[in-house]
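Student: Need a 3D model of the sequence below.
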Amino acid sequence: MPRFLKPNIGNRRPRLRAVSYTVGSAFPVIRSIWGFGSFLRPGSFSDIDLLVIVSCGQKQLLGIFTQVRASLELRTSYWGFPVDILFLTEREARGRPLRDMHLLEPLFQRRAVNRLTGPFPSPSRSFI
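Tutor: Numbers count the residues shown, from 1 in each chain. Next up is the predicted model:
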């Protein structure tokens, strides 16, 4: 796979956050979107790697994945390199299955709602 040079990573992070926010906000089942991999590190890269954590049943997972992937690809296609998406349910994410979970960069987190106190932000490093 070809590697791309990163002329200005500073501009790409806000764009990736904006895309993640747009997509995350459009799908109520998305709990959070996290970035990882070479795109977020200095040097060259070959793709954008995203972890999407969802709150839905196994029966809905494939349909949600297909819709979210299409939405992300539509919004990132002009960048000219692929977006690889890893989907995890909240239960799977709690098991911290990735070797470098501590290196994930938060791009979108849905605000949790407490019935007694109202909405409050999720902890900055919470995966669910």
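
Student: Can you show me the strands along the protein?
Tutor: For the chain, the strands defined by DSSP state E cover 30-36, 48-54, 83-89, 105-109, 112-114, 118-120.

Student: can you give me the helices in this structure?
Tutor: With DSSP state H, the ranges of helices along the chain come out as 9-26, 58-76, 90-94.

Student: ok, the most centrally placed residue in the chain - contacts?
Tutor: With distances taken as Cα atoms, centre = their mean, residue 33 lies nearest the centre of the chain, 2.5 Å away. Contacts for residue 33 (Cβ atoms under 8 Å, 6 or more residues apart in numbering) come out as 20, 23, 24, 50, 51, 52, 53, 106, 107, 108. The C-beta positions use only the backbone N, C-alpha and C, and glycine is treated the same way.

Student: wait, which of those is closest to residue 86?
Tutor: Residue 86 has its nearest neighbour among these in residue 51, at 4.9 Å by Cβ to Cβ.

Student: so what's that closest one bridging to?
Tutor: residue 34, residue 86 (DSSP bridges).

Student: Tell me if I'm right that residue 97 and residue 87 touch.
Tutor: No. Judged on Cβ atoms under 8 Å, residue 97 makes no contact with residue 87 at a distance of 11.8 Å.

Student: Which of the two has more residues huddled nearby?
Tutor: Set side by side, residue 97 and residue 87 show more neighbours around residue 87, with 18 against 11, by other Cβ atoms under 10 Å.

Student: so which two of the contacts of residue 33 are the farthest from each other?
Tutor: 23 and 106 (14.3 Å).

Student: Name the residue in these two with the higher neighbour count.
Tutor: residue 23 (24 against 16).

Student: Grab the nearest non-local neighbour of that one.
Tutor: Among residues not flanking residue 23 along the chain, residue 71 sits closest, at 5.0 Å (Cβ to Cβ, 6 or more residues apart in numbering).
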